[in-house]
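Student: Quick check, what structure comes out for this input:
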Amino acid sequence: MQLNHGQTQSYMKLDNTSIIHLASKNKKWINLFRLSVSLKEAVDPKILQVALNNTVKRFPSIAARIRKSAFWYYQLAVEDAPKVIPNQNILMAYMSNEELKQCAFRVLYAPKAIHIEIFHALTDGRGGEVFLKSLLAEYLTLKYKISIPAVNGILDRAETPHEAELADKYLEIVDLKPQKVAKEKSERIYQFCEKKKKICT
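Tutor: Numbers count the residues shown, from 1 in each chain. Take a look at the predicted model:
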């Protein structure tokens, strides 16, 4: 992993778990997930776009595209936020490899809802939840001129990403040692055979 100007991630190699999502992706198995939030008032797309522009800088590992080098897949932070788009008739529309190269997530809006769709190689549901809550906090801050504290899974969008957030912690938490599987005790199972009127084992 490398950092660009101490703020934006230059690139990060995808781990084996993330690569599985790429290898198994097809039009029937899209490997996307969607998170949504409902609002009481109509969404303002222009303000939502500004909020997204501000938020992606805080999430270089989620607001990213996926590329392939000669030897491995890697994710690269997007230079500019994607355009927010109206909610589509197709839920979690398929992302082609060309789309993943440009941006591996979407932000959509309905009259009173905001949705995000993320390719699973970038993050899990928890990471997506933090991204959506932070995006919503930025949107509400801009629209209503209010102050929303960075607590309970909301990150400060003006803050520089922490290096620990960009590190691959998989090898630090997984136990790579062969696991001993306890042998199950097998017991005889008896059943009655009606035709021969005897007990079968």
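Student: next one: phi and psi at K133?
Tutor: Backbone torsions for K133, taken as degrees, to the nearest 10, come to phi -60, psi -40.
Student: Quick check: it vs L142, distance?
Tutor: 15 Å (C-beta to C-beta, to the nearest Å). Quick note: C-beta positions are derived from backbone N, CA and C, even for glycine.
Student: ditto for A77
Tutor: For A77 relative to L142 (C-beta to C-beta), the value is 22 Å.
Student: of these two, who's got more company?
Tutor: Legend: neighbour count by other C-beta atoms under 10 Å for A77 and L142, higher for A77 (22 against 16).
Student: which residues of the protein fall in helices?
Tutor: 16-23, 45-55, 97-102, 125-144, 163-166, 170-173 (DSSP state H).
Student: which residues sit against the fourth one?
Tutor: Outside of helix 125-144, the residues within contact range by C-beta atoms under 8 Å, 6 or more residues apart in numbering are 33, 35, 37, 44, 47-48, 50-52, 54-55, 58-59, 62-63, 107, 114, 116, 118, 123, 146-148, 150, 152-155, 157.
Student: State the pLDDT value of A23.
Tutor: If you check A23, the pLDDT there is 55.
Student: try N16
Tutor: 59.
Student: Enumerate every residue touching the residue nearest to I114 when sequence neighbours are not counted.
Tutor: What sits nearest to I114 in space, not counting adjacent residues and going by C-beta to C-beta, 6 or more residues apart in numbering, is V37, at 5.3 Å. Residues near V37 by C-beta under 8 Å, 6+ apart: 113-114, 132, 136.
Student: All set, thanks.
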